[in-house]
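[1] I would like the atomic coordinates for the input below:
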Amino acid sequence: MSVFAAIREACADVAEQARFVRIDEAGFEAWVDGLESETERERPAVVDPAHEKTADPGARLAYVVTLDAINFGSGWFPELTKREGKSGYFTVAGGLADHFEKHGHWNAVALRRLDADTCAEVFGQQGNAGARELMELFARALQDLGAWLASQHGGSFTKAVESAGGSAERLVAMLAEMPLYRDVARYAGFDVPLYKRGQITASDLASAFDGEGPGRFDDLDALTIFADNLVPHVLRFDGVLEYDAGLLSRIERHELLAPGSPEEVEIRAVALHAVERAVALLRSRGVEASARSLDTKLWMRGQRPEIKAHPRHRARCAFY
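    Down below sits the predicted model:
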């Protein structure tokens, strides 16, 4: 079975058995009807740094791949020292962009030499004990990236992406050779792959290069959503998902969920399945739709203050 098919099948199975998260059918229908009636694409509230069209294509490629290697840590974000007016993700993305602009991007050798202290300096977390564990994970992820580039792709970001042969699915499988990309949970006796960071790497490259060169993938419409903690939160806010009262109370108390716990897996998997159902329903009505486009819409909607004002689930892991 293909990677993407395995993701979809497993998430459908989770949704069928879920005890803590369910799709509200009335809310789902109303939400899909609203999507169908939209005539304009929502303007991005912010510009994702991963999609910036910097002048040097090689540096742009290195930035996207490096950023998505550390595109996780939302469970620690409340502890981060953030840039003024910026979220955790934009703090990390901005720190990396500034460092690359001043010093150039890290090559495979430099990546393998990184440590937590260097990460703390680059991302503005010096002296922040609450962010130390995340900086150690960042260092590990970046060291893994450097070793993977050196051992598998001659130290070249370009060769690594070219090796995928224009297949996002192949790129996801290749990235999963690195341990911190193996976003697979165990639920009710079966594996639930989600591969958020692997999938978003292909999507970000496509956006950064307008679908050309290292951004050309022939199967982008086969991507699922990039299951994190924001997209499910928006779906709950919009009445698509309903959480068990006890789970919702824990989230509202800012209690961390254990990564791989049934509650945490259900939040991500049922959200993914809900979007898959929405895509299928929209297409049956003759509306062009993909999980990737809906993920973008949901993520952008999640930047709104009225949505950010409500707590979302947090789990400390290397997957989102």
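[2] where does the chain have low pLDDT?
    Scanning the chain for pLDDT under 70 picks out the ranges 39-45.
[3] Next, Val192: secondary structure please.
    Three-state call for Val192 (DSSP: H, G, I helix; E, B strand; the rest coil): strand.
[4] got the contact list for it?
    Contact analysis of Val192 by Cβ atoms under 8 Å, 6 or more residues apart in numbering lists Ala10, Cys11, Val14, Val184, Ala185, Arg186, Val265, Ala269. C-beta coordinates here come from the backbone N, C-alpha and C atoms, glycine included.
[5] Can you name every helix or strand that the helix or strand the third one falls within contacts?
    Assessed by DSSP states H and E, Val14 sits inside helix 3-17. Helices and strands touching helix 3-17, as assessed by 3 or more Cβ pairs under 8 Å, 6 or more residues apart in numbering; DSSP states H and E, comprise helix 168-175, strand 190-193, helix 262-284.
[6] That helix vs helix 262-284, what angle?
    110 degrees (axes from the mean of the first three to the mean of the last three Cα atoms, to 10 degrees).
[7] Run through who's touching helix 3-17.
    The contact list for helix 3-17 (Cβ under 8 Å, 6+ apart) reads 1, 22-23, 169, 172-173, 187-188, 190-195, 219, 222-224, 265-266, 269-270, 272-274, 276.
[8] Give the buried residues for it.
    Neighbour counts using 16 or more other Cβ atoms under 10 Å place Val3, Phe4, Ile7, Arg8, Ala10, Cys11, Ala12, Asp13, Val14, Ala15 of helix 3-17 among the buried residues.
[9] for stretch 16-30, same thing?
    By neighbour count on 16+ other Cβ under 10 Å, the buried set for stretch 16-30 is Ala18, Phe20, Val21, Ile23, Asp24, Gly27, Phe28.
[10] start to end distance for that stretch?
    Stretch 16-30 stretches 21 Å from its first residue to its last (Cα to Cα, to the nearest Å).
[11] same question, stretch 100-116
    Stretch 100-116 end-to-end distance (Cα to Cα) = 17 Å.
[12] for stretch 226-244, same thing?
    23 Å.
[13] Over to stretch 232-246?
    By Cα to Cα, one end of stretch 232-246 lies 17 Å from the other end.
[14] which residues touch that stretch?
    The contact list for stretch 232-246, computed with Cβ under 8 Å, 6+ apart, reads 19-24, 26-28, 30-31, 251, 263, 267-268, 270-271, 274-275, 298-299, 301-302, 307, 310, 312-313.
[15] Out of those, list just those in strands.
    Using DSSP state E, the subset of the contacts of stretch 232-246 located in strands is Val21, Arg22, Ile23.
[16] Which element, helix or strand, includes Glu242?
    Per DSSP H and E: Glu242 is located in strand 241-243.
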